[in-house]
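[1] Predicted model and sequence follow; I will ask about them next.
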Amino acid sequence: MNIIQIPAFSDNYLWLLHESNLRDAVVVDPGDHTPILKALEENNLDLKDILITHHHNDHIGGILELKKLFPDVNIYGPSDKRIPANIIVKDGERVKLNSLHETFKVIDVKGHTNSHVAYYFKNKLFCGDTLFSCGCGRLFEGSYIDMHKALSKIKQLPKETMIYCAHEYTLDNIGFAKLVDPNNEDLISMEKKVKKIIDKGGYSIPSKLESELKINPFLRFDIPNIKQSVQNHFNTEIKSEAEIFKYIREWKDKEYD
Ligand code: ZN
Ligand code: FE
């Protein structure tokens, strides 16, 4: 499977998937139709399927225009009246599209929104705004318990899994992560690496789950150092890992951005 990374708006990534021997293409979260049409044309591809992770406009805003040009396109998404899907996907379901050789599994990752899903192909996760490199989505609709559960599911995927998230927030996220995890050398070296990439106009996404487990404070709620750091910051004793996650999210929301 080939994956074409399409930057959109100020910091979004849209993902176009296709097999080398087919003209069929699948787009994940088409927030804007214009760059997708350009990529389809440049690569001589025909849009067959759309996968939607959640209802925010930067993820669905291009659907209407795409549907006009490709009236037979199938739109996969979770059950949510805000998402114009014609095929509803559910947690745990495996789906084989005619347009791709690989099967994907649907993972319920509610937290950022109440119906957010992720699409997992072998060692590739399209997770919308649930997990970012060195960060995670804000809790707009779900509870911290929901998001902790969602991130725990992602933590259990194979370490080689590449994370195809929807935003380039990495450097800013690292800035916050350094407050929570100041002695983490992996974080410091990642910051240097990402700075170089961004300075050259490159992308820090996709990132590898293996490295996220070392640097992303929102996946590190089971690490004693992180627990200690959060307890010190809030001057309180924390009992569960879900609560550690909650406090880290609060720390970032209230004191960082
Ligand atoms: Zn969103
Ligand atoms: Fe978004």
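    Yes, it's here. Ligands and ions are numbered 1, 2, ... in the order given.

[2] all contacts plus neighbour counts: C-alpha atoms, from now on.
    Noted.

[3] pLDDT weak spots in the stretch 151-257 of the chain?
    Along the stretch 151-257 of the chain, the parts satisfying pLDDT under 70 run over 257.

[4] Please repeat the previous calculation with a cut-off of 90.
    Residues of the stretch 151-257 of the chain meeting the criterion pLDDT under 90: 255-257.

[5] for it, what spans make up the strands?
    Taking DSSP state E, counting those that start in this stretch to define them, one finds strands in the stretch 151-257 of the chain at 162-165, 207-208.

[6] Would you mind finding the most buried of these?
    strand 162-165 (a mean of 25; mean count of other C-alpha atoms under 10 Å).

[7] which helices and strands sit right next to that one?
    strand 124-128, strand 131-132, strand 207-208 (3 or more C-alpha pairs under 8 Å, 6 or more residues apart in numbering; DSSP states H and E).

[8] how far out from the middle of the chain is the longest one?
    Read it as strand 124-128. Here strand 124-128 is found 5 Å from its chain centre; the criterion is C-alpha atoms, centre = their mean, to the nearest Å.

[9] Please apply the same query to the last one.
    Taking the mean C-alpha point of strand 207-208 and that of its whole chain, the gap between them comes to 11 Å (C-alpha atoms, centre = their mean).

[10] Paired strands for it, with orientation please.
    Sheet pairing of strand 207-208 (DSSP bridges) gives strand 162-165 (antiparallel).

[11] Phi, psi for His59 please.
    Torsion angles at His59 (phi, psi; degrees, to the nearest 10) stand at phi -120, psi -20.

[12] what residues are up against it?
    Applying C-alpha atoms under 8 Å, 6 or more residues apart in numbering to His59 gives the contacts Asp29, Pro30, Gly31, Asp32, Ile52, Thr53, Gly128.

[13] 6 Å instead, please
    Contacts for His59 (C-alpha atoms under 6 Å, 6 or more residues apart in numbering) come out as Asp29, Pro30, Gly31.

[14] Please convert these to JSON lines, extending it with neighbour count and secondary structure.
    Below are those laid out as JSON lines (neighbours: other C-alpha atoms under 10 Å; DSSP: H, G, I helix; E, B strand; the rest coil):
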{"residue": "Asp29", "neighbour count": "30", "secondary structure": "coil"}
{"residue": "Pro30", "neighbour count": "27", "secondary structure": "coil"}
{"residue": "Gly31", "neighbour count": "24", "secondary structure": "coil"}
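
[15] Just put the strands of the stretch 151-257 of the chain in a markdown table and tack on distance to Val95.
    Below are the strands of the stretch 151-257 of the chain laid out as a markdown table (distance: least, C-alpha to C-alpha, whole Å):
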| stretch | distance to Val95 |
| --- | --- |
| strand 162-165 | 18 |
| strand 207-208 | 24 |
